[in-house]
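Participant: Return atomic coordinates for the entry below.
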Amino acid sequence: MNITIDTHLINELALSLKGFSEFEIIQILNLAYQKSGSIEKKDTQLILEEKEQIIKKSGMIEILNFKEGIDDIGGLDNLKDWLGNKSKIFNNLESALEFGVETPSGMLIVGMPGCGKSLTAKATARLLMYHFLG
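Facilitator: Okay, the predicted model is just below:
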């Protein structure tokens, strides 16, 4: 069986499948194919749901759901601008990598209690469309 998948979609799927074993990846892609007869962009949602189930089963960490967004952060305009620029990279990762743009590997948030560190982490996760694990 040969399946043709757009290169851009392959890169998106690869990002979504990070952290899975080879066996889990094969199982998830088979499930996606069985549901629709093809592998499409909408299957990234299925991948995220499967990842959430595996995380829940582990019992070690949990996915935290929240409503906070970048606009809920008061002040910190330079940080919000920087995060906005980085979100453009993550949303267009294939093109960014072609131009040699390096993706950030992390961010350290330091401050006194109550200054918005957790809010910033939640808003960043939402902006980059990543799960927030706790």
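Participant: need the contact list for L29.
Facilitator: Shown in contact with L29 (CB atoms under 8 Å, 6 or more residues apart in numbering): 13, 39, 43. Bear in mind the C-beta positions are built from the backbone N, C-alpha and C, glycine included.
Participant: ok, now with 7 Å
Facilitator: Neighbour list for L29: I39 [criterion: CB atoms under 7 Å, 6 or more residues apart in numbering].
Participant: distance of it from S16?
Facilitator: 11 Å (CB to CB, to the nearest Å).
Participant: Count the residues that sit near the residue lying closest to I61 once chain neighbours are set aside.
Facilitator: Using CB to CB, 6 or more residues apart in numbering and skipping the chain neighbours, the partner closest in space to I61 is L133 (4.9 Å). Neighbours of L133 under the rule other CB atoms under 10 Å: 11.
Participant: can you check G69 too?
Facilitator: G69 is flanked by 13 other residues according to other CB under 10 Å.
Participant: Distance check, it against G84.
Facilitator: 12 Å.
Participant: Show the secondary-structure elements that the helix or strand containing Q53 is packed against.
Facilitator: Using DSSP states H and E, Q53 maps to helix 43-58. Helix 43-58 sits against helix 7-16, helix 22-36, with contacts defined as 3 or more CB pairs under 7 Å, 6 or more residues apart in numbering; DSSP states H and E.
Participant: Might you report the residue contacts of I47?
Facilitator: Residues near I47 by CB under 7 Å, 6+ apart: 13, 16-17, 28.
Participant: shouldn't the residue nearest to I61 be in contact with N65?
Facilitator: No: with contact defined as CB atoms under 7 Å, L133 does not reach N65; the gap is 11.4 Å.
Participant: tell me the domain boundaries of the chain?
Facilitator: The chain breaks down into these domains under automatic domain parsing: 7-60, 70-133.
Participant: mean pLDDT lowest for which of these?
Facilitator: Among the domains of the chain, domain 7-60 carries the lowest mean pLDDT, a mean of 80.
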